[in-house]
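1. my questions are about this predicted structure, shown below with the sequence.
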Amino acid sequence: MPLITDSIGRVLGKRYRLVSALGAGASAHVFLADDVSLQRHVAVKVLQPDLVNDEAFLKRFRAEARSVASLNHPHVLRVFDWGEDTDGPYLVLEYLGGGSLRDLLDRGFRLSPSQACRVGSEAAQGLAYAHARGLVHRDVKPANLLFDDEGRVRVADFGVARALAEAAWTEPAGAMIGTARYAAPEQAQGQTVDGRADVYALALVLYEGVTGQVPFVADTTVGTLMARIGASLPHHQALGPLDNVLARAAAPEARARLDAAGLAARLDALAAALPAPAPLPLKTDRPDDDLTGVVAPVPSTIDEAAPAPLAETAAITGLVVASRPPPPPAQPLPPPPTVIRRRRRWPWVLAVLLLVAAVVAGLLVAAKDKVFTPSHRVPSVTGLTLAKARAALAPYHFVLRQAGTTTSIKVPAGHVVSQQPAPRTMEKEGSTVAVVTSSGLPIETFPSLSGLDCTGAQRVLSVAHLSGVCPGVAQGYSSTIQPGQVINWSWNNKIDTTKAPYGAVVIIATSKGPAPVPIPTIPISSYDAAAAALKAAGFGATETQANSTTVSAGQVIGTQPPAGTPTVPGTTVTVIVSLGPPLVTVPNMQGDTVSQAQVALSNAGLVEGNLYGPSHGNVFATNPPEGDKIPEGSAVDIYTQ
């Protein structure tokens with residue numbers, strides 16, 4: 001494949017101009033391209049040029065490209081077009097600017113359990129959609145989970161893995177390790193895979209997303225593949241409530257695994273009980289011509305942080321302040337005195353003193369009304385514990401007051417659900433912020449589940465925002481409850497409770513019917529006696545007959561199932577009655593020598609009786625005569641002459 005930079009500027013299919021490189025792998029290069037027909041950005045994946053001459057690959061590639069292009073789901077990356085070029089086959093894909101889960105992990109970011117639930121649920125929904133249409137991904141990994149600008153997940157690269165698997169071209173040494181890190185045990189064993197292999201890989205991807213570790217990874221590809229055969233997913237403290245769900249999704253036996261739809265449902269149910277996930281720190285790279293531009297704000301001519309001038313302060317307090325005392329009003333001049341008198345200054349002094357007193361009084365009133373107390377925007381404390389909320393308010397000198405509690409399906413107990421004033425409201429220092437904290441999940445009430453089967457009980461629970469499971473280990477025997485119906489149910493070891501927290505999983509025990517009891521030893525005298533004994537033990541009886549060389553005709557040989565076998569009461573037991581030994585036909589031995597007659601009798605299941613006549617003579621008669629039906633093992637007399 002040419003250097004990735006050599007392809008910049010080329011136009012594929014007379015339509016897609018390669019603008020810049022987005023990434024490169026062992027089997028393909030990915031470019032940002034302009035769709036000159038529709039005037040939009042797309043991503044173009046150009047595969048290895050060696051694949052152009054691989055007919056097996058091209059046949060599979062064309063079929064898979066058509067199938068994948070038909071997928072239309074919010075969590076599956078759209079394939080707009082495909083084609084073949086001198087540099088190799090290519091796919092035209094939807095362009096996403098949020099990067100991949102691999103990008104997040106490589107930057108050291110780790111998913112919280114609630115974030116993993118959302119990412120995993122959306123990926124599983126996309127996989128379930130594809131699986132329902134007969135498509136298996138075969139290469140689910142962090143690099144194939146892409147994000148759009150709003151953080152929604154798209155599953156990428158459907159169909160490419162299967163096409164490459166049938167190609168004669170070989171990837172560079174070590175290139176397979178990306179796939180092997182997440183491959184299911186059945187892939188390692190070369191078995192046929194279905195959608196549950198994708199579920200296994202997604203479980204390992206989410207495990208890595210939360211813990212930073214990929215389980216079962218060894219020093220070599222073979223070691224990595226072999227390490228997971230028959231091995232359960234290791235527990236990790238960071239997974240928290242995800243631990244059990246991922247263990248089910250990564251069961252070593254495919255038949256024991258959740259399917260993609262089941263995994264999505266489990267993750268959604270768990271997400272409802274966890275705090276709302278924080279936004280993911282996605283890449284914000286966008287093509288230049290997609291940017292609307294950023295204009296720097298014009299600085300204000302008034303410094304909002306500076307104290308108001310005295311004139312403005314006076315206006316706020318309702319005072320009128322002059323920059324200097326006003327001149328006294330003009331007075332009419334008196335007639336010229338005969339004696340010159342000195343001018344009095346006390347009116348001026350009095351005016352100044354009154355003015356100063358008014359200003360001081362205004363300032364005192366302003367101080368009392370906190371006009372000069374600084375104001376701040378109230379920070380958001382929702383989702384925090386009381387201690388952390390108090391610490392978040394402290395730098396602004398706000399006072400926290402707990403105003404009550406409420407149940408919440410998203411906010412853990414003891415954390416803030418709501419606040420007043422609302423975040424970003426301007427308040428003065430010393431103001432009170434009232435918060436309402438979560439008392440935990442709401443308690444849901446549901447009716448009795450008695451008389452229902454497992455499906456009916458699950459529907460009743462779902463109406464109350466609960467889920468029910470009917471594990472085989474919870475089944476029990478009951479002589480009064482029909483098989484399949486509910487015996488009892490429990491949550492948190494509380495039997496037959498009718499209350500449980502929102503989202504709780506209720507264990508439902510169903511009946512297997514009456515407990516098995518041993519079939520009794522029955523009399524051998526007759527069928528009637530045997531049937532009476534079985535009826536007394538709670539079983540039905542039916543008769544069948546068989547030959548026996550040891551039990552006389554009409555007597556009981558035994559039962560099926562045999563005596564002592566644990567059997568569910570009410571089962572019909574077969575009583576076997578003897579017909580005696582089987583009947584055989586006396587053979588024709590006319591003219592036979594004695595030795596020949598002995599062989600003929602033995603072959604017929606009979607024995608030689610008395611010999612009448614010379615031992616070297618020939619047989620001319622038998623007793624019983626030839627053709628008679630007699631019990632097997634009977635003796636036949638021989639007559640010779």
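-> Here it is on my side, so go on. In this text the structure is predicted, and so the values were computed from the model without any measurement.

2. any weak-confidence spans in this protein?
-> 1-5, 26, 52, 159, 161-179, 284-372 (pLDDT under 70).

3. okay, now the domains of it?
-> Using automatic domain parsing, the domain ranges for the chain come out as 4-273, 308-328+347-372, 375-438, 443-510, 517-578, 583-640.

4. tell me how far the ends of the third one are from each other?
-> In domain 375-438, first residue to last residue: 29 Å (Cα to Cα, to the nearest Å).

5. tell me how far it lies from the chain's centre.
-> Per Cα atoms, centre = their mean, to the nearest Å, the displacement of domain 375-438 from the mean C-alpha position of its chain is 34 Å.

6. which of the domains of the chain sits most buried?
-> Looking across those with neighbours counted as mean count of other Cβ atoms under 10 Å, the highest average goes to domain 4-273: a mean of 19. C-beta here means a position set from N, CA and C on the backbone, and glycine is covered the same way.

7. circling back: mind checking which of the domains of the chain is nearest P281?
-> domain 4-273 (6.1 Å; Cβ to Cβ).

8. closest one to L282 among the domains of the chain?
-> domain 4-273 (4.1 Å).

9. ok now that closest one, how far from the chain's centre?
-> Centroid separation for domain 4-273 versus its chain: 17 Å, with Cα atoms, centre = their mean.

10. just put the domains of the chain in CSV and tack on distance to P279.
-> As requested, those are arranged in CSV below (distance: least, Cβ to Cβ, whole Å):
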stretch, distance to P279
domain 4-273, 6
domain 308-328+347-372, 37
domain 375-438, 13
domain 443-510, 23
domain 517-578, 58
domain 583-640, 89
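
11. that's a helix at N610, yeah?
-> No - membership of N610 in a helix is not supported by DSSP: H, G, I helix; E, B strand; the rest coil, which gives strand.

12. how close does it sit to I638?
-> 8 Å (Cβ to Cβ, to the nearest Å).

13. now do V436
-> 112 Å.

14. for stretch 229-249, which outside residues touch it?
-> Residues outside stretch 229-249 that contact it (Cβ atoms under 8 Å, 6 or more residues apart in numbering): 110, 113, 116-117, 185, 188-189, 199-200, 202-204, 206-207, 210-211, 213, 215-216, 250-252, 256-258, 263, 266-267, 270, 273-274.

15. hmm, try it at 6 Å
-> 113, 116, 185, 188, 199, 203, 207, 210-211, 215, 250, 252, 258, 263, 266, 270 (Cβ atoms under 6 Å, 6 or more residues apart in numbering).

16. cool, stretch 452-464 as well?
-> Residues contacting stretch 452-464 (Cβ under 6 Å, 6+ apart): E444, F446, L449, G468, C470, G484, Q485, V486, V506, I508, T510.

17. how does it look with 7 Å?
-> For stretch 452-464, the external contacting residues (Cβ atoms under 7 Å, 6 or more residues apart in numbering) are 444-447, 449, 467-468, 470, 484-486, 489, 506, 508, 510.

18. tell me, what residue is most central in the chain?
-> L263 (2.9 Å; Cα atoms, centre = their mean).

19. SS state for that residue?
-> Strictly by three-state DSSP, L263 counts as helix.

20. what about it, distance to L270?
-> For L263, the distance to L270 - Cβ to Cβ - is 11 Å.

21. next one: T498
-> From T498 to L270 the distance is 24 Å (Cβ to Cβ).

22. then S615?
-> Relative to L270, S615 is positioned 95 Å away (criterion: Cβ to Cβ).

23. now swap in D103 and tell me
-> With Cβ to Cβ as the criterion, D103 and L270 are 25 Å apart.

24. what does A249 give?
-> 12 Å.

25. same thing with D149?
-> The gap separating D149 from L270 is 26 Å, by Cβ to Cβ.

26. and the closest residue to V505 other than its chain neighbours, its phi and psi?
-> Once flanking residues are discounted, V505 sits nearest to S467: 5.2 Å by Cβ to Cβ, 6 or more residues apart in numbering. S467 adopts backbone torsions of phi -120, psi 150, taken as degrees, to the nearest 10.

27. try G223
-> phi -60, psi -40.

28. need the residues that contact stretch 383-402.
-> By Cβ under 7 Å, 6+ apart, the residues outside stretch 383-402 that reach it are 275, 376, 378-379, 381, 411, 414-416, 427, 429-435, 437.

29. so where do the helices sit in the stretch 351-500 of the chain?
-> Using DSSP state H, counting those that start in this stretch, the helices of the stretch 351-500 of the chain run over 386-393, 454-463.

30. ugh, typo on my part, it should be the stretch 101-250 of the chain
-> 101-106, 113-131, 160-165, 177-180, 185-188, 195-211, 221-227, 242-249.

31. A43: which of those is closest?
-> Here helix 160-165 is closest among the helices of the stretch 101-250 of the chain (Cβ to Cβ), at 13.2 Å.

32. state the distance from I519 to T550.
-> 21 Å.

33. equivalent analysis for V460, please.
-> Applying Cβ to Cβ, the value for V460 to T550 is 60 Å.

34. cool, and W82?
-> The value you get for W82 to T550, if Cβ to Cβ is used, is 79 Å.

35. equivalent analysis for G383, please.
-> For G383, the distance to T550 - Cβ to Cβ - is 83 Å.

36. what about R17, helix or strand, and which?
-> Per DSSP states H and E, R17 falls inside strand 16-24.

37. dump that strand to PDB, restricted to CA.
-> Provided in PDB are the C-alpha atoms of strand 16-24 (Å, rounded to 0.1, in the frame of the first residue of the first chain):
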ATOM      1  CA  TYR A  16     -14.700  11.100  -3.400                       C
ATOM      2  CA  ARG A  17     -11.700  13.500  -3.000                       C
ATOM      3  CA  LEU A  18      -9.300  12.400  -0.300                       C
ATOM      4  CA  VAL A  19      -8.700  15.500   2.000                       C
ATOM      5  CA  SER A  20      -6.600  14.200   4.900                       C
ATOM      6  CA  ALA A  21      -5.600  11.000   6.700                       C
ATOM      7  CA  LEU A  22      -7.600   9.900   9.700                       C
ATOM      8  CA  GLY A  23      -5.700   6.700  10.600                       C
ATOM      9  CA  ALA A  24      -3.900   3.600   9.300                       C
END
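
38. now the helix or strand immediately after it in the chain and strand 16-24, what's the angle there?
-> As assigned by DSSP H and E, the chain's next helix or strand after strand 16-24 is strand 28-35. Per axes from the mean of the first three to the mean of the last three Cα atoms, to 10 degrees, the angle that strand 28-35 makes with strand 16-24 is 150 degrees.
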